[in-house]
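Participant: Need coordinates for the below:
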Amino acid sequence: MLKTKNSTIVDSKGRKVFLHGVNLGGWLMMEGYILHGRNIAEKIFKAEFKKRCGRKELDNFTKLYRNNFITEADFKNISSLGFNCIRIPFNYRLIEKEDGLKILKKAVRLCEKYRIYCILDMHAAPGSQNEDWHSDSYGKAGLWKNKRHQEKFFKLWELLAYTFKDKQIVAGYDALNEPVIKTSDAGKKLRGLYVKLVKRIRAIDKNHIIFLEGNIWSQVLKDIGRPFADNLSYSVHYYHPLEFTFNFHYGLKYPGDIMGEYWDADTIRKRLKGYYNYSKKWNAPIFAGEFGVNSRCAAGCCGELAWVKDTLKCFKEFGFHWTYWTYKAVGNSAFPDGIYQYLGNPLWVNRQGPVYGFENLYALWKKHKKEIVESWKTKNFKKQKGLANLLASFKPI
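Facilitator: Just a heads-up that it's a prediction; the model follows:
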């Protein structure tokens, strides 16, 4: 089992291990933009799919998507790319049923087979931990107000802890993706939830690392406070500056002036230094569970690769562990996309609109099922070689 030691992570022989890898975004927690669609909650998409196509076809769609968007070949490929860790985001709804839990079990077995650590990330929690689509929310963050949601949250993690407590290939549990609490008692609420969760997990699993994400989309660590148990790691997400990395403002270049501030490696270093200081203050490792950039072109014509390189340099300097967001995505004009991009424009992508991305599936699924499923396979995505090689070159040790 991996464990924390001061501000580092070590293996059973006490040797330092630096986790560096990739997220399997959009696989077990669907996000609209990853399939070139609107960013609507997964539950909204599936409810409409069920309405249009029926329960049986929704179940069939879900099974085929999970079995084809990511396959064993992808786990093997990720290992061959030089990564040693996969972060697996999932919707809590996945593990409410045994067939969903089997998906995670299979993923862990494949990580064992290809000798690559995995981190299990609850990307969407009961009631939703923020108001955004990527927590399967429709504008509300009910986890923080509803005790029933919280109890379900604890019980699902108890189930996961019981299921994977003996799996050494599981590097740890990413307790809650991007919590957002904007009230004055944010620290009390976030730390209080984490204290209860860790106590419940530790009653079952005393060995795995538990990664705790900061408040406000995994950025504010002070709302967690000092470590309250052994074997904890702080987790942050880094996408700054958003206007550039998400390509929200066209024409921005890195390094350069971005929204009135000059951004270069020194700017990134200053932004990340606070996390490093926090790590040293509390003797806890930092895991950058997400960072990434929208790829305007393969050569990084706006400085995308320069941003990735400078961010990785700072991670290495500060000893941060990391997983890039994300492994694969349909090529899009906004939001961080994949090492592998789907560049085609079949009917179910339909970049010209008026309906684009996965919402086209409602009308096209029954007639074009075979072609749609085929398009999900990574062999039909184009590898961004420059990005892949850059990430592979930054093994922290």
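
Participant: nearest residue to residue 365 other than its sequence neighbours?
Facilitator: Leaving aside its chain neighbours, residue 365 sits nearest to residue 53 (5.8 Å; criterion: C-beta to C-beta, 6 or more residues apart in numbering). Where C-beta positions appear, they are placed from N, C-alpha and C, glycine not excepted.

Participant: so what's the one you found up against?
Facilitator: 61, 362, 365, 366 (C-beta atoms under 8 Å, 6 or more residues apart in numbering).

Participant: need those in TSV with distance to residue 272, can you?
Facilitator: Converted to TSV, the contacts of residue 53 look like this (distance: C-beta to C-beta, whole Å):
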residue	distance to residue 272
61	40
362	43
365	44
366	49
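
Participant: What subset of the residues you listed is buried?
Facilitator: Neighbour counting by 16 or more other C-beta atoms under 10 Å classes 61, 362, 365 among the contacts of residue 53 as buried.

Participant: Out of these, the closest to residue 93 would be?
Facilitator: Of all those, residue 93 sits closest to residue 61, with 14.8 Å by C-beta to C-beta.

Participant: is it true that the closest one touches residue 50?
Facilitator: No. Residue 61 is beyond contact range of residue 50, at 9.5 Å (criterion: C-beta atoms under 8 Å).

Participant: Show me the common contact partners of these two, please.
Facilitator: Residues touching both residue 61 and residue 50 (C-beta under 8 Å, 6+ apart): none.

Participant: buried stuff in stretch 366-383?
Facilitator: Neighbour counts over stretch 366-383 (16+ other C-beta under 10 Å) mark 368, 372, 373, 375, 376, 377, 378, 381, 383 as buried.

Participant: How far away from the center of its chain is that stretch?
Facilitator: Relative to its chain's centre, stretch 366-383 lies at 23 Å (C-alpha atoms, centre = their mean, to the nearest Å).

Participant: any idea of the mean pLDDT in it?
Facilitator: Throughout stretch 366-383, pLDDT has a mean value of 98.

Participant: Ok, stretch 298-311 next?
Facilitator: For stretch 298-311, mean pLDDT rounds to 94.

Participant: Span of that stretch from start to end?
Facilitator: 18 Å (C-alpha to C-alpha, to the nearest Å).

Participant: And for stretch 292-311?
Facilitator: Taking C-alpha to C-alpha as the criterion, the two ends of stretch 292-311 lie 9 Å apart.

Participant: Give me the contact list for it.
Facilitator: Here stretch 292-311 has contacts from 238-239, 244-247, 251-256, 264-265, 268, 291, 324-326, 331-337, 341, 384-387, 390-391, using C-beta under 8 Å, 6+ apart.

Participant: Out of the residues you listed, list just those in helices.
Facilitator: Members of those lying in helices (criterion: DSSP state H): 244, 245, 265, 268, 385, 386, 387, 390, 391.

Participant: For the fourth one, give its distance to residue 287.
Facilitator: When C-beta to C-beta, to the nearest Å is the yardstick, residue 268 and residue 287 sit 17 Å from each other.

Participant: what about those two, which has more around it?
Facilitator: More neighbours surround residue 287 than the other of residue 268 and residue 287, with 28 against 22 (other C-beta atoms under 10 Å).

Participant: Strands of the stretch 151-300 of the chain, start to end?
Facilitator: 170-174, 209-213, 232-238, 256-258, 261-263, 286-291 (DSSP state E, counting those that start in this stretch).

Participant: The longest one versus strand 170-174: what angle between them?
Facilitator: Right, strand 232-238. Orientation check (axes from the mean of the first three to the mean of the last three C-alpha atoms, to 10 degrees): strand 232-238 against strand 170-174 gives 70 degrees.

Participant: contacting residues around strand 232-238?
Facilitator: Residues external to strand 232-238 that are found in contact with it (C-beta under 8 Å, 6+ apart): 4, 9, 172, 174, 178, 198, 209-214, 217-219, 221, 224, 271-272, 275, 278-279, 282, 284-291, 311, 321.

Participant: For the helix or strand hosting residue 58, the averaged confidence score.
Facilitator: Assigned by DSSP states H and E, residue 58 belongs to helix 55-69. Regarding helix 55-69, the rounded mean pLDDT is 98.

Participant: Equivalent analysis for stretch 123-143, please.
Facilitator: Computed over stretch 123-143, the average pLDDT equals 97.

Participant: Show me the contact partners of it.
Facilitator: Under C-beta under 8 Å, 6+ apart, the answer for stretch 123-143 is 28-29, 31-32, 39-44, 89-93, 144-146, 148-150, 152-153, 156, 176-181, 193, 217.

Participant: residue contacts, the closest residue in space to residue 195 that isn't next to it in sequence?
Facilitator: Spatial nearest neighbour of residue 195, excluding adjacent residues (C-beta to C-beta, 6+ apart): residue 228 at 5.7 Å. Residue 228 makes contact with 191, 194, 195, 198, according to C-beta under 8 Å, 6+ apart.
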